[in-house]
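> one predicted model, sequence on top.
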Amino acid sequence: MPDAKEPKFEHRVPEGDNRLRQVCADCGFVAYENPKVVVGAVVTLGERILLCRRAINPRRGFWTLPAGFMELHESAEIGAAREAWEEANARIEIVSLLAAYTIPRLSQVQLIYRAHLVDPAISAGPESLEVGLFDYADIPWEDLAFPSVRWALTQFHSVRHLVHFPAFGNPPGETGDH
């Protein structure tokens, strides 16, 4: 069987578009590059919050929420539950959407949920050095991995006793560009 011809992509603005894209020089197919979706959760057991100390870069050794990239063919909620299992061996129940953040500099959209721990037995998964349940006052604020973790924890705390509230976005002045 003859080898299929490899597509020859070039960087140009396709007809009817206004941005540089990767376009096949032979057939005109546009290979769009789109933002990555990160899913995660502020997971609670009573008043305590689940945090994971990262075993991987970026920000190895810093604390974060259980979160990561969505996989193909999964819902955001299933992805958030999968990430909690992978990072903390935590079985969770998603309650509601807490926030949707945009991080343009990383081309990310982050969907962060409120969730409850179904089983208090947790342990570090392969991407975590350790996991822990923290009272809000005891969160290692100076050792949080990412600004969006701080945003989610702060916003969660402001609505922790509410059942219904509108989902948050980036805090005022936080564009996600730095």
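It's in.

> from now on I want contacts and neighbour counts done on CA atoms only, so please keep to that.
Fine.

> what are the boundaries of the strands in the protein?
Assigned by DSSP state E, the chain shows strands spanning 9-12, 21-24, 30-31, 36-45, 48-54, 63-64, 67-69, 92-103, 108-117, 128-134.

> most tightly packed of the ones you listed?
Highest mean neighbour count among the strands of the chain (mean count of other Cα atoms under 10 Å): strand 63-64, with a mean of 26.

> let me have the strands of the chain in TSV, adding distance to His157 and mean pLDDT as columns.
Output for these, formatted as TSV (distance: least, Cα to Cα, whole Å; pLDDT from 0 to 100):
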stretch	distance to His157	mean pLDDT
strand 9-12	46	94
strand 21-24	42	93
strand 30-31	41	92
strand 36-45	10	98
strand 48-54	10	98
strand 63-64	16	98
strand 67-69	18	98
strand 92-103	11	98
strand 108-117	11	98
strand 128-134	13	98
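
> a markdown table please, covering the ones you listed and showing distance to Arg82.
Shown next, in a markdown table, are the strands of the chain (distance: least, Cα to Cα, whole Å):
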| stretch | distance to Arg82 |
| --- | --- |
| strand 9-12 | 35 |
| strand 21-24 | 33 |
| strand 30-31 | 29 |
| strand 36-45 | 9 |
| strand 48-54 | 14 |
| strand 63-64 | 16 |
| strand 67-69 | 9 |
| strand 92-103 | 9 |
| strand 108-117 | 12 |
| strand 128-134 | 14 |
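
> skipping adjacent residues, who's closest to Leu153 in space?
Using Cα to Cα, 6 or more residues apart in numbering and skipping the chain neighbours, the partner closest in space to Leu153 is Val42 (7.1 Å).

> now for that neighbour: which residues touch it?
Val42 sits next to Ile49, Leu50, Leu65, Pro66, Ile112, Tyr113, Arg114, Ala115, Ala152, Leu153, Phe156 when contact means Cα atoms under 8 Å, 6 or more residues apart in numbering.

> find the residue at the geometric middle of this protein.
Val38 (2.8 Å; Cα atoms, centre = their mean).

> now do that one against Asn18, distance only.
Relative to Asn18, Val38 is positioned 27 Å away (Cα to Cα, to the nearest Å).

> and for Glu77?
34 Å.

> these two: which is more packed in?
Each of Glu77 and Asn18 has its neighbours counted (other Cα atoms under 10 Å); Glu77 has more, 22 against 9.

> residues contacting that one?
Counting by Cα under 8 Å, 6+ apart, Glu77 makes contact with Val39, Ile94, Tyr113.

> pLDDT at it, what is it?
On pLDDT, Glu77 comes in at 98.

> ditto for the one 3 residues further on
Per-residue confidence (pLDDT) for Ala80: 98.

> right, I'll leave it there.
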